[in-house]
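S.K.: structural data only, the sequence is not supplied:
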């Protein structure tokens with residue numbers, strides 16, 4: 001899991017990074033949104049279904065951006081034009 005997601009999502013939806021981290025960990029265990037909202041309130045600090053869904057959607061968006069970034073880097077690398085400077089800025 002990418003730890004920088006926690007802060008990015010927390011800043012975007014105005015919650016703590018720890019709440020995001022805990023919610024993502026539950027989602028990665030494949031707990032359902034209703035289950036998390038109803039039975040894991042202590043872990044998420046009483047998130048409701050809307051908040052859990054928002055964390056999940058933001059996580060999916062960030063992962064998609066990372067996949068796209070990786071695809072672009074690989075494309076540039078296959079062309080032999082990937083410099084160390086470009087690689088460092090892409091991360």
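M.R.: Perfect, I can see it now. This one's a predicted model, so the numbers in the text were calculated from it and none came from an experiment.
S.K.: what are the phi and psi values for residue 32?
M.R.: Main-chain dihedrals, residue 32, degrees, to the nearest 10: phi -80, psi 160.
S.K.: counting neighbours, what do you get for it?
M.R.: 13 (other CB atoms under 10 Å). Placement of C-beta: from N, CA and C, glycine included.
S.K.: for it, give me the pLDDT.
M.R.: Residue 32 is assigned a pLDDT of 97 by the prediction.
S.K.: and what of residue 1?
M.R.: With respect to pLDDT, residue 1 scores 64.
S.K.: now do the contacts for residue 19.
M.R.: 10, 44, 45, 47 (CB atoms under 8 Å, 6 or more residues apart in numbering).
S.K.: show me how far the helix or strand containing it is from its chain's centre.
M.R.: Here residue 19 sits within helix 17-28, counting by DSSP states H and E. Taking CA atoms, centre = their mean, to the nearest Å, the mean C-alpha location of helix 17-28 is offset from the chain mean by 9 Å.
S.K.: may I see the buried residues of that helix?
M.R.: Neighbour counts over helix 17-28 (16 or more other CB atoms under 10 Å) mark 17, 19, 20, 21, 22, 23, 24, 26, 27 as buried.
S.K.: next up, phi/psi of the residue in the chain sticking out farthest from the centre, please.
M.R.: The C-alpha centroid of the chain is most remote from residue 80, which lies 30.4 Å away (CA atoms, centre = their mean). In terms of degrees, to the nearest 10, the main-chain angles of residue 80 are phi 80, psi 20.
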